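>>> any chance you could fold what I've pasted below:
(2 chains)
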There are 2 protein chains.
Amino acid sequence: MPAPLQTWNDGAVKSAIVDFVTKVTTPNSPAFVPPADRIATFDNDGTLWCEKPMYIQLDFILRRWVEMARENPALADQQPWKAAVEKDYAWLGNAVTKHYRGDDSDMPAVMKGVLTAFAGVTVEDFAERAGTFLRTQSHPMLKRLYSACGYAPMIELLRYLESNGFTNFIVSGGGRDFMRPITQELYGIPPERVVGSSIGLEFREAGDGGDVLTQPRLAVLDDGPAKPPSIWSRIGKRPILAAGNSNGDIQMLQFANQPPRPALRLLVLHDDAAREFDYVAGAEKSLELARQYGWTIVSIKDDWRTVFV
Amino acid sequence: MPAPLQTWNDGAVKSAIVDFVTKVTTPNSPAFVPPADRIATFDNDGTLWCEKPMYIQLDFILRRWVEMARENPALADQQPWKAAVEKDYAWLGNAVTKHYRGDDSDMPAVMKGVLTAFAGVTVEDFAERAGTFLRTQSHPMLKRLYSACGYAPMIELLRYLESNGFTNFIVSGGGRDFMRPITQELYGIPPERVVGSSIGLEFREAGDGGDVLTQPRLAVLDDGPAKPPSIWSRIGKRPILAAGNSNGDIQMLQFANQPPRPALRLLVLHDDAAREFDYVAGAEKSLELARQYGWTIVSIKDDWRTVFV
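Take a look at the predicted model:
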């Protein structure tokens, strides 16, 4: 068997991961955790795949907004359709950064646009549209398909954990049904192990069958303090390993800690302008807590031998 | 390998199950379904375990209501605490039967009692209490532990499906977190594959950790038309096999049907007063639709060689 984590550079971070996995999988070790309880939860945007210059899902929605404004020109004068039509992506990026800093002033407009973008379609139709987008459209700066914007070291980590009896889940603030069509192929994580934000769904009966249709209302915004309840709802267990990259992941990382049981918390630091992006906006508080509590900070620049799959 | 479904009597129903499983697992058959899509969803109360003379969870809650009325005697004059203290179980049974007939007049009182019974405890504490109850308390008429009130033929069916590449989920109107502590042991179904009703959860941060606490509000009432959206939310796929026993399962059974893909719908009929119970209350509409659409009606009296595990 080759040494694990080939896409990671040797160093304290790689050692911390290998030591943790060794410890929890060594029978008779005081830190041993039975396989059924080896639950690992991963944020997606900025943790498993690239989230800059904007969330991948936002590009998907932007294109739909442009389409909506074409069908109904009055929308082109209102946010967020205006930003989409004028390609004013700074307005949108700013709305999200403000959100992570606690200022939700642009959120009502953004949410209205998000909730109406795909309302009234079957869940299967939505999955088809999301999957096609991810497999055919490219990242505007990295010039690679969105379906190839996953981080190779994190995907290798998923495989390494799996081969050590872990069960991996995605627990993302991003849209659950947006991610699902690609997670098996990209991460080896099946749809039932994808936890994320979601809009309302409703069953429409039709004779001896029927469809589940999307509704223009938010069901779950799976971010920040909502992540631990989502984890319990969907998994019914606490993770022993949790990985994130922003203030929205703080509570998930806290929830993984249940002494005396061991826990590994990973926080991905985007500090590599040459190979990916260099930013801390929206992650300030999580970095502060990581330093305070000794969470493991993963430097893309220093710890990853390669970045993309 | 022994013949499958030994706890089932030979006949049309057993044949329908075996024929369906054979068909969807035969490569190159037009009805072949790949393993990843062999999703089976099972209601719990009345489908996998006994629901009479009252829901098992109701007995759990009743005992808590008696305890609450002891702590606060004013409660003993109000429903549902009054019914609990006076052992007026007919009032409660009736409230549920009325619900399934479309009359929700007693539901506000019942819900208030249900929501306040275990509010403010950690999810781990709740799991501990539910698990202990199920493993130590007995069914009032069957004189067996609640943890032994599962139906042997359905459990054998779960194993048979699993050995044919199916993934089984519970999709119940009962409480998700009430069932979870016993589902692995009783049904071989892990917590993450238990879908059900739930009360609100909230994260309470504490330093570098924190707990998820139950809240006195309903999050999901996973019954009737709510089941297909729950299935999509939790699984992200349609089942090809769905099993239920009441009007609350109708939409789940409809949702499993997506022609031209094959689907098997099972409806358990409680017609065995000698070995279990004989009732159709709350199942009238589902039986009518089963006959109309050709769903497979499983007669406990005729189709099950043994009833309990």
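>>> how about the helices of the stretch 101-250 of chain A, start to end?
For the stretch 101-250 of chain A, helices defined by DSSP state H, counting those that start in this stretch occupy the ranges A:107-117, A:123-136, A:152-162, A:176-187, A:227-234, A:250-255.
>>> just give the nearest non-adjacent residue to the residue nearest the centre of chain A, would you?
The C-alpha lying nearest the average C-alpha coordinate of chain A belongs to residue A:44 (CA atoms, centre = their mean; 1.8 Å). Nearest non-adjacent residue to residue A:44, counting by CB to CB, 6 or more residues apart in numbering or on different chains: residue A:172, 3.7 Å away. Bear in mind the C-beta positions are built from the backbone N, C-alpha and C, glycine included.
>>> what's the burial count for the one you found?
31 (other CB atoms under 10 Å in any protein chain shown).
>>> re the thing from before, in this structure the residue nearest to the centre of chain A contacts residue A:170, no?
Yes: using CB atoms under 8 Å, residue A:44 makes contact with residue A:170 at a distance of 5.2 Å.
>>> shared neighbours of those two, which are they?
A:179, A:196 (CB atoms under 8 Å, 6 or more residues apart in numbering or on different chains).
>>> so out of everything in the stretch 1-150 of chain A, what residue is nearest chain B?
Closest contact between the stretch 1-150 of chain A and chain B, by CB to the nearest CB, is at residue A:123 (5.2 Å).
>>> pLDDT score for the residue of chain A positioned farthest from its centre?
Largest separation from the mean C-alpha position in chain A: residue A:207, at 37.9 Å (CA atoms, centre = their mean). pLDDT, residue A:207: 95.
>>> so what's the residue in the stretch 51-200 of chain A that chain B sits nearest to up against?
Here the stretch 51-200 of chain A gets closest to chain B at one residue, residue A:191, 2.9 Å apart by CB to the nearest CB. By CB under 8 Å, 6+ apart, residue A:191 lies in contact with A:180, A:183-184, B:235-237.
>>> please tell me how far it sits from residue A:8.
Shown here: residue A:191 relative to residue A:8, a distance of 28 Å by CB to CB, to the nearest Å.
>>> same check, this time on residue A:282
For residue A:282, the distance to residue A:8 - CB to CB - is 25 Å.
>>> can you check residue A:136 too?
To residue A:8, residue A:136 is 31 Å away according to CB to CB.
>>> who's more crowded, these two?
Legend: neighbour count by other CB under 10 Å for residue A:136 and residue A:8, higher for residue A:8 (23 against 10).
>>> thought that one was touching residue A:14?
Yes: using CB under 8 Å, residue A:8 is in contact with residue A:14, at 4.5 Å.
>>> list the residues that contact both of those two?
In contact with both residue A:8 and residue A:14: residue A:303, using CB under 8 Å, 6+ apart.
>>> what's near enough to touch the closest residue to residue A:184 other than its chain neighbours?
Excluding its sequence neighbours, the residue lying closest to residue A:184 (CB to CB, 6+ apart) is residue A:190, at 5.3 Å. By CB under 8 Å, 6+ apart, the residues touching residue A:190 are A:183-184, B:36, B:236.
>>> again with residue A:307
A:151-153, A:272, A:275-276, A:300.
>>> ok, longest helix in chain A?
When chain A is parsed with DSSP state H, its longest helix is helix A:56-71.
>>> which neighbouring elements make contact with it?
Under the contact definition 3 or more CB pairs under 8 Å, 6 or more residues apart in numbering or on different chains; DSSP states H and E, helix A:56-71 sits against helix A:81-85, helix A:89-100, helix A:107-117, helix A:123-136.
>>> C-alpha coordinates for that helix, CSV please?
Below are the C-alpha coordinates for helix A:56-71, written out as CSV (Å, rounded to 0.1, in the frame of the first residue of the first chain):
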residue,chain,number,x,y,z
ILE,A,56,-20.2,27.9,-8.1
GLN,A,57,-23.9,27.7,-7.3
LEU,A,58,-24.1,31.5,-7.7
ASP,A,59,-22.9,31.2,-11.3
PHE,A,60,-25.6,28.6,-11.9
ILE,A,61,-28.2,31.0,-10.4
LEU,A,62,-26.8,34.1,-12.2
ARG,A,63,-27.3,32.4,-15.6
ARG,A,64,-30.9,31.7,-14.6
TRP,A,65,-31.4,35.3,-13.5
VAL,A,66,-30.2,36.5,-16.9
GLU,A,67,-32.6,34.1,-18.5
MET,A,68,-35.5,35.4,-16.2
ALA,A,69,-34.7,39.0,-17.0
ARG,A,70,-34.8,38.2,-20.7
GLU,A,71,-38.3,36.7,-20.3
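>>> list the buried residues in that helix.
Across helix A:56-71, burial judged by 16 or more other CB atoms under 10 Å in any protein chain shown covers A:56-62, A:64-65, A:68-69.
>>> what's the answer for stretch A:179-188, then?
Neighbour-count burial for stretch A:179-188 [16+ other CB under 10 Å]: A:179-183, A:186-187.
>>> sweet, I'm off.
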